[in-house]
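1. kindly generate the corresponding structure for this input.
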Amino acid sequence: MMDNHPIRQALLTLPQKRVPAPVSTRLRVIASHERDRRVRRFRWLDRLVLNFNNLLKPLAVPAAGGLFSTVVLFFSLADTLNIQRYVVDDVPIGIRTQVVLDDFSPFVANTEDLLVEVSVNEKGEVTDFFVPAGKLDHAQTMQLGNLVLYSTFTPATAYGKPVPGKLVVSFHHINVRG
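-> I've put the predicted structure just below:
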């Protein structure tokens, strides 16, 4: 490898010649046009980035604050938004029960064989009774009323809650000779 050091020293000792002013001006104009051409290619992208930043920077703090407050409020209220749908009269799967005759009245009714439809409220109390077939006189109706009204019933239930219901009770007269 050759040592360029003495050549460099010799070149530095030569007198410097100035570039003529028209050539210098022309070179500067060409360099300016080239720089402008290169910048012009990316000018639309620079404007887009500038516009995007100018739009987002003023909105950044309010948007972040709004998002933070929304998250805090949602998680503090989420437990109270517990929405439950209650389905009424769904398909019965053993959740409903009928009226049950617990204890029969000590009164006796001197009537023939008959059917009685008894309406019982949610407290287990008889609210009404009806004889679908057959006519009873006033005395028989009073005897049957005492018999039904002093009997005890367990009310019907739907989904574990007592509800009004109906029960058909059959009375049979049995004679025993002895």
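
2. can we go C-alpha only for contacts and neighbour counts from here?
-> Noted.

3. can you name the residues bridging to Ser170?
-> Note on Ser170: beta-bridge partners by DSSP bridges are Leu115.

4. going forward can the numbers begin at 446, since that is how I track them
-> Fine by me, first position is 446 from now on; the one you just mentioned is Ser615.

5. what's around it, how many residues?
-> When counting by other C-alpha atoms under 10 Å, one arrives at 10 neighbours for Ser615.

6. do Ser469 as well
-> Neighbour number of Ser469 under other C-alpha under 10 Å is 12.

7. am I right that Glu557 falls within a strand?
-> No: going by DSSP: H, G, I helix; E, B strand; the rest coil, the assignment for Glu557 is coil, not a strand.

8. which residue ranges of the chain form strands?
-> 541-542, 545-548, 559-565, 571-575, 597-599, 601-603, 606-608, 610-616 (DSSP state E).

9. out of these, which gets nearest to Ser514?
-> Closest approach to Ser514 among those is made by strand 606-608 (43.3 Å; C-alpha to C-alpha).

10. would you turn the strands of the chain into JSON lines with distance to Arg492 and mean pLDDT?
-> Below are the strands of the chain laid out as JSON lines (distance: least, C-alpha to C-alpha, whole Å; pLDDT from 0 to 100):
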{"stretch": "strand 541-542", "distance to Arg492": "74", "mean pLDDT": "84"}
{"stretch": "strand 545-548", "distance to Arg492": "85", "mean pLDDT": "86"}
{"stretch": "strand 559-565", "distance to Arg492": "84", "mean pLDDT": "87"}
{"stretch": "strand 571-575", "distance to Arg492": "86", "mean pLDDT": "88"}
{"stretch": "strand 597-599", "distance to Arg492": "84", "mean pLDDT": "89"}
{"stretch": "strand 601-603", "distance to Arg492": "72", "mean pLDDT": "88"}
{"stretch": "strand 606-608", "distance to Arg492": "72", "mean pLDDT": "90"}
{"stretch": "strand 610-616", "distance to Arg492": "80", "mean pLDDT": "86"}
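
11. how about JSON lines for those strands, with distance to Arg480 added?
-> Shown next, in JSON lines, are those (distance: least, C-alpha to C-alpha, whole Å):
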{"stretch": "strand 541-542", "distance to Arg480": "89"}
{"stretch": "strand 545-548", "distance to Arg480": "101"}
{"stretch": "strand 559-565", "distance to Arg480": "100"}
{"stretch": "strand 571-575", "distance to Arg480": "103"}
{"stretch": "strand 597-599", "distance to Arg480": "100"}
{"stretch": "strand 601-603", "distance to Arg480": "88"}
{"stretch": "strand 606-608", "distance to Arg480": "88"}
{"stretch": "strand 610-616", "distance to Arg480": "96"}
